[in-house]
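# below is the structure, and that's it, no one-letter string:
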């Protein structure tokens, strides 16, 4: 028992070291002029609209789906953001065709099995599988206000709608058998549906794909591929669920670096960016294309009192040649961007395997 406890302490210290090193490596000295010049001329985003939810001030990090003629928006809400920021709820509201709220907000009960911790559910994504709605999110059901030395796990649950009321089914904890012990905080898994199976992108590059076993929550790796992605704005992390678009899967990711910009008044602070990637419609789900610079719009990066500048994609809908992308801004706002699909695809760069790269002098 003592040896086991010592081993666990050692693993936790190693995990903290990994986190610190990862953060250090994402420090980038990109200057304000370069920031503006590199990607502020984007034509990808046609418009952006803020969704005001006065019942839940500070709501952010939304996801979106379409049910019938209306849109269903889910989002993160921290009612005690300043005093108890770990208390975090998943909210739901109906939107009309103009993305205006048309119902009362309902907070989903993620403690249907009478756990003793308050809701600590973060960054839920909404998706459809087998004709039913589900959400996937991260949480800790056992410990209130978990530290980086404690766990945050991924959960999936069916979302039932009856008479415009929402209810979650039983929560299923998702476990990556090979990495569960070593990665204490699990976040940003991206679901997609293939051949009647729910698969999950555990990481983007390498693109590790997991197959969910519904009986016990085990998520078994089935494919891993690695590509060279020309992205200089931090490690790629999951964002939206992936959807089949024009014969391949399309999804959005986020990343972050410390840099300066006009919206930070030349102060070096964290900036979170958004890009897109596509991968093949069949195994091994090779990455095909990806953004080489952040997707941007005038509404994205503006001055605020928040200590970070954040763009965080959570879900999208495809209609004709437009995408309607739900994203969070500065951990305090809900927005929906209208994206030109053809402009987006034209901006994404073809990728090659790592082992296919040639030396620069050839």
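Thanks, I have it. What you see is a predicted model; the values in this text were computed from it and never measured.
# show me the beta-bridge partners of residue 224.
Note on residue 224: beta-bridge partners residue 208, judged by DSSP bridges.
# that one touches residue 205, doesn't it?
No - using C-beta atoms under 8 Å, residue 224 is not in contact with residue 205; the gap is 10.2 Å. Where you see a C-beta, it was placed from the backbone N, CA and C, and this is true even at glycine.
# more neighbours, those two?
Neighbour count, other C-beta atoms under 10 Å: between residue 224 and residue 205, residue 205 has more, with 19 against 14.
# can you tell me the element that one falls in?
Residue 205 belongs to no helix or strand when assigned by DSSP states H and E.
# pLDDT wise, what is it at?
We have a pLDDT of 95 for residue 205.
# from residue 196, how far out is residue 277?
Distance from residue 277 to residue 196, counting by C-beta to C-beta, to the nearest Å: 24 Å.
# more crowded one of those two?
When neighbours are counted by other C-beta under 10 Å, residue 277 and residue 196 differ, and residue 277 comes out ahead with 27 against 7.
# which parts of the stretch 251-362 of the chain are helices?
With DSSP state H, counting those that start in this stretch, the ranges of helices along the stretch 251-362 of the chain come out as 341-347.
# give me the below-cutoff pLDDT ranges for it.
355-362 (pLDDT under 70).
# what are the ranges of the strands in it?
269-279, 287-290, 308-309, 311-319, 322-329, 333-340, 349-350, 352-353 (DSSP state E, counting those that start in this stretch).
# in CSV, list the ones you listed along with distance to residue 217.
Formatted as CSV, the strands of the stretch 251-362 of the chain follow (distance: least, C-beta to C-beta, whole Å):
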stretch, distance to residue 217
strand 269-279, 24
strand 287-290, 26
strand 308-309, 32
strand 311-319, 22
strand 322-329, 26
strand 333-340, 30
strand 349-350, 36
strand 352-353, 32
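# do you know which of the ones you listed lies nearest residue 105?
strand 333-340 (11.2 Å; C-beta to C-beta).
# sheet partners, orientation included, of the closest one?
Strand 333-340 has these strand partners (DSSP bridges): strand 45-51 (antiparallel), strand 322-329 (antiparallel).
# what's the most buried one of the ones you listed?
strand 322-329 (a mean of 24; mean count of other C-beta atoms under 10 Å).
# just how off-centre is that one within its chain?
Centre-to-centre, strand 322-329 and its host chain are 12 Å apart (C-alpha atoms, centre = their mean, to the nearest Å).
# residues touching that strand, excluding its own?
By C-beta atoms under 8 Å, 6 or more residues apart in numbering, the surrounding residues in contact with strand 322-329 are 46, 50, 60-64, 71, 73, 75-76, 99, 240, 252, 274, 300, 310-317, 334-341, 344.
# can we see that at 7 Å?
For strand 322-329, contacts defined as C-beta atoms under 7 Å, 6 or more residues apart in numbering pick out 60-64, 73, 252, 274, 310-317, 334-341.
# filter those to the buried ones?
60-64, 73, 252, 274, 310-316, 334-341 (16 or more other C-beta atoms under 10 Å).
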